[in-house]
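Participant: Sequence below, structure please.
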Amino acid sequence: QLQLVESGGGLVQPGGSLRLSCAASGFSLDHYAVGWFRQAPGKEREGVSGISSSGGSTNYADSVKGRFTISRDNAKNTVYLQMNSLKPEDTAVYYCAAFYGSGIATMGQSLYDNWGQGTQVTVSS
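Facilitator: All right, here's what the predicted structure looks like:
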């Protein structure tokens, strides 16, 4: 059974940092593109960042460019999202998702067919 599990969320003050992890079980992430998405209360889910299967290509939403970094460690079957300089507007449930066989980084949600359950990130003083 393919499963993605997010971890690393929590409560952080504005300007702080968190690192989210997306661990895969039941399959190898090696050939999967992975994306991070988020959904704030009352808002639609939006793309945050994507990484290609090799890690050679990444992309970011304009709202997080320069603050967030996506990376992957295929040996650990895990993708990370390092989030720095967090703002209250980053508060949301963060989800990771994966789909097979892409050499590109994308935040196109319709492409992703494996989703995690999400982890809450709250940025507040």
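Participant: CA atoms for contacts and neighbours, from now on please.
Facilitator: Fine.
Participant: now do the same end-to-end measure for stretch 71-86.
Facilitator: 18 Å (CA to CA, to the nearest Å).
Participant: swap in stretch 31-47?
Facilitator: Note: stretch 31-47 ends 20 Å apart using CA to CA.
Participant: do stretch 97-115 as well
Facilitator: 4 Å.
Participant: Equivalent analysis for stretch 107-120, please.
Facilitator: End-to-end distance for stretch 107-120, by CA to CA: 20 Å.
Participant: Now find how far off-centre it is within its chain.
Facilitator: Offset of stretch 107-120 from its chain centre (CA atoms, centre = their mean, to the nearest Å): 8 Å.
Participant: same check, this time on stretch 23-36
Facilitator: For stretch 23-36, the distance to the chain centre is 12 Å (CA atoms, centre = their mean).
Participant: Nearest residue to Ala97 in space, please, no chain neighbours.
Facilitator: Using CA to CA, 6 or more residues apart in numbering and skipping residues adjacent in sequence, the residue nearest Ala97 is Trp115, 4.3 Å away.
Participant: again, but for Tyr95
Facilitator: Gly118 is the one closest to Tyr95 (CA to CA, 6+ apart), at 4.4 Å.
Participant: Ser71 now?
Facilitator: Ser71 sits nearest to Tyr80 (CA to CA, 6+ apart), 5.3 Å away.
Participant: how many neighbours does the one you found have?
Facilitator: 22 (other CA atoms under 10 Å).
Participant: cool, and the one 3 residues further on?
Facilitator: Taking other CA under 10 Å as the neighbour definition, Met83 ends up with a count of 20.
Participant: picking up where we left off before, just checking, the residue nearest to Ala97 touches Gln109?
Facilitator: No. Using CA atoms under 8 Å, Trp115 makes no contact with Gln109, being 10.2 Å away.
Participant: So the two - more neighbours on which side?
Facilitator: More neighbours surround Trp115 than the other of Trp115 and Gln109, with 20 against 15 (other CA under 10 Å).
Participant: Start and end of stretch 36-55, how far apart?
Facilitator: For stretch 36-55, the first-to-last residue distance is 14 Å (CA to CA).
Participant: so how far is that stretch off the chain centroid?
Facilitator: Worked out by CA atoms, centre = their mean, stretch 36-55 lies 6 Å from the chain centre.
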